[in-house]
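J.: Generate coordinates for the sequence data below:
(one chain, ligands or ions: 2)
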Amino acid sequence: MAGGAAAAQAGEAGAVAGNNGAVIRVEDLTRIYELGDVKVPALRGVSLQVRPGEFVAVRGPSGSGKSTFMNLLGCLDHPTTGRYFLSGEDVSTYDADQRAGIRNRFIGFVFQGFNLLPRTTALENVEVPLYYSRAVAHAEREARAREVLNLVGLGPRMDHFPSQLSGGQQQRVAIARALVNTPQLLLADEPTGNLDSRTSIEIMALLQKLNREQGLTILLVTHESDIAEYASRVIAFHDGHLVDDTPVAAPRDAARELATMPVDEWAGNGAAKEA
Ligand SMILES: Nc1ncnc2c1ncn2[C@@H]1O[C@H](COP(=O)(O)OP(=O)(O)O)[C@@H](O)[C@H]1O
Ligand SMILES: [Mg+2]
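T.: Ligands and ions are numbered 1, 2, ... in the order given. All right, here's what the predicted structure looks like:
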C-alpha cells in the first residue's frame, strides 16, 4: 500500500486491538475469476466486520457470491483486490502455505456434502486434521477426536463408517472434524442443504449450542429463510454485492423447538437425544 495514512492504518490493523476486536474484517473485497479471456466478477467490493461470538446467516440467490465469500474467509482462496484481517492478521496477501497454516489454527469448515472419507470410521475421520496441523501423539489425537465426537452427540457411534450413519449423523462427524483443532471461526456452506427439515433443526441446535457455550463464531450459508432465523444476524448477497445486513432481535431456539416435537418422529436418528 502507498501513502502514509494507509500504511499507518495497515500497521495498526496488524494488532488485534486495531481490528476493533473483530474476528473478521474485510474491506472492499473483490474476487474476479478468469476463464481464458472471460472475467467473472463473483465479488464486487464487500466490506464487513464480524465480532467474536456472532452467529451470521449468509443468504442470497444461487451465483450471488456466497461460496466465493466463504472460501475467501476460510483462506481457501485469495482476493483479487481488497483486504482481509482475520483476528487482526492481514491474511489477504498470504501465499498458499501461509493460508493453510492460519486455516489450521483458526478455522473449521463444514460443507453441504459432508466430505467424509468413506472407508474410515467416524473417529478416524475426525482425527484427520490433527495429522496436518501439529505434531500430536497418537493417544492425544484419539482423545481429542473422542472429546469432540462426544460434544456433537456421536460418542456411541464413533466406530461406525459413514455409510452406517444417517445424513444428520454424518454432518455431526463433519462438524466434529471441523472443531478438532479448536477453531475460533466455523464456516458452514449450506450444511443443512442435504438434510430433511427435522434433521436440519437438530444440526441448528448443535450449532447454537457451540455458539453459546463455546463462544464459537459461526457464518452459515443457507438458502432457507427459516434456517437463517436461528442466527443472530443475517447478511445477503446479490450479484457479488452485500445488499443486506440485519440483526435478528430474537433468534429462534432450535433446541427448544425440538423439545416440543413428538419424540417418535425423530428418535430414529438417535443423534439428537445424545446432544
Ligand atoms: N472457480 C470458478 N471459476 C469461475 N467462475 C466461478 C468459480 N466459482 C464460482 N464462479 C462464478 O462466480 C459467481 C459466484 O459463484 P458462487 O460464489 O459459487 O455463488 P453462490 O455460492 O452464491 O451460488 C457465479 O457466477 C459462478 O458461476
Ligand atoms: Mg454456493
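
J.: pLDDT below threshold where in the stretch 1-150 of the chain?
T.: Residue ranges of the stretch 1-150 of the chain with pLDDT under 70: 1-18, 133-134.

J.: and it, which residues reach ligand 1?
T.: 33, 35, 40, 42, 60, 62-68 (Cβ under 6 Å from any ligand atom). Glycine gets a C-beta too; all of them are placed from N, C-alpha and C.

J.: Show me just the buried residues among these.
T.: 42, 60, 64-68 (16 or more other Cβ atoms under 10 Å).

J.: Leaving out sequence neighbours, find the closest residue to H160.
T.: Among residues not flanking H160 along the chain, A122 sits closest, at 5.6 Å (Cβ to Cβ, 6 or more residues apart in numbering).

J.: S200 now?
T.: T192 (3.7 Å).

J.: Verify the stated contact: the one you found with I203.
T.: Yes: with contact defined as Cβ atoms under 8 Å, T192 reaches I203; the gap is 5.5 Å.

J.: Can you name the residues that contact the residue of the stretch 101-250 of the chain found nearest ligand 1?
T.: Nearest residue of the stretch 101-250 of the chain to ligand 1: F237, at 6.2 Å (Cβ to the nearest ligand atom). Applying Cβ atoms under 8 Å, 6 or more residues apart in numbering, we find F237 in contact with 46, 58-60, 64-66, 69, 243.

J.: which ones among the buried ones among the residues of the stretch 1-150 of the chain next to ligand 1 come in contact with ligand 2?
T.: 66-67 (Cβ under 5 Å from the ion).

J.: Could you list which of the buried ones among the residues of the stretch 1-150 of the chain next to ligand 1 belong to helices?
T.: Among those, DSSP state H puts 66-68 in helices.

J.: neighbours of V46, just the number please.
T.: 23 (other Cβ atoms under 10 Å).

J.: I meant to write P118 there.
T.: 8.

J.: Without its sequence neighbours, what residue ends up closest to it?
T.: Per Cβ to Cβ, 6+ apart, closest to P118 is P162, 5.6 Å.

J.: just to revisit the earlier point, per-residue pLDDT of the residue nearest to S200, please?
T.: According to the prediction, T192 has pLDDT 95.

J.: count of residues packed around it?
T.: Using other Cβ under 10 Å, the number of residues around T192 comes to 25.

J.: do the same with V38
T.: Neighbours around V38, by other Cβ under 10 Å: 7.

J.: What of G215?
T.: That count, for G215 with other Cβ under 10 Å as the rule, works out to 10.

J.: I'd guessed it sits against G53; true?
T.: Yes: here G215 reaches G53: they are 5.0 Å apart, a contact under Cβ under 8 Å.

J.: So which residues of this protein form strands?
T.: For the chain, the strands defined by DSSP state E occupy 24-35, 38-50, 55-59, 81-86, 89-90, 107-111, 185-189, 217-221, 233-238, 241-247.

J.: which residues sit against the longest one?
T.: What it means is strand 38-50. 20, 22-34, 56, 65, 68-69, 72, 79, 82, 217, 219, 235, 237, 239-242, 245.

J.: got any residues that touch both of T192 and I203?
T.: Joint contacts of T192 and I203 (Cβ under 8 Å, 6+ apart) are Q171.

J.: mind giving me a markdown table with the ones in helices among the buried ones among the residues of the stretch 1-150 of the chain next to ligand 1 and columns for distance to I175?
T.: Below are these laid out as a markdown table (distance: Cβ to Cβ, whole Å):
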| residue | distance to I175 |
| --- | --- |
| K66 | 19 |
| S67 | 18 |
| T68 | 23 |
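
J.: Once you drop chain neighbours, what's closest to the single nearest residue of the chain relative to ligand 2?
T.: Minimum separation of the chain from ligand 2 (Cβ to the ion) falls at S67, amounting to 3.2 Å. Distances taken as Cβ to Cβ, 6+ apart put D189 closest to S67, at 5.7 Å, once the chain neighbours are dropped.
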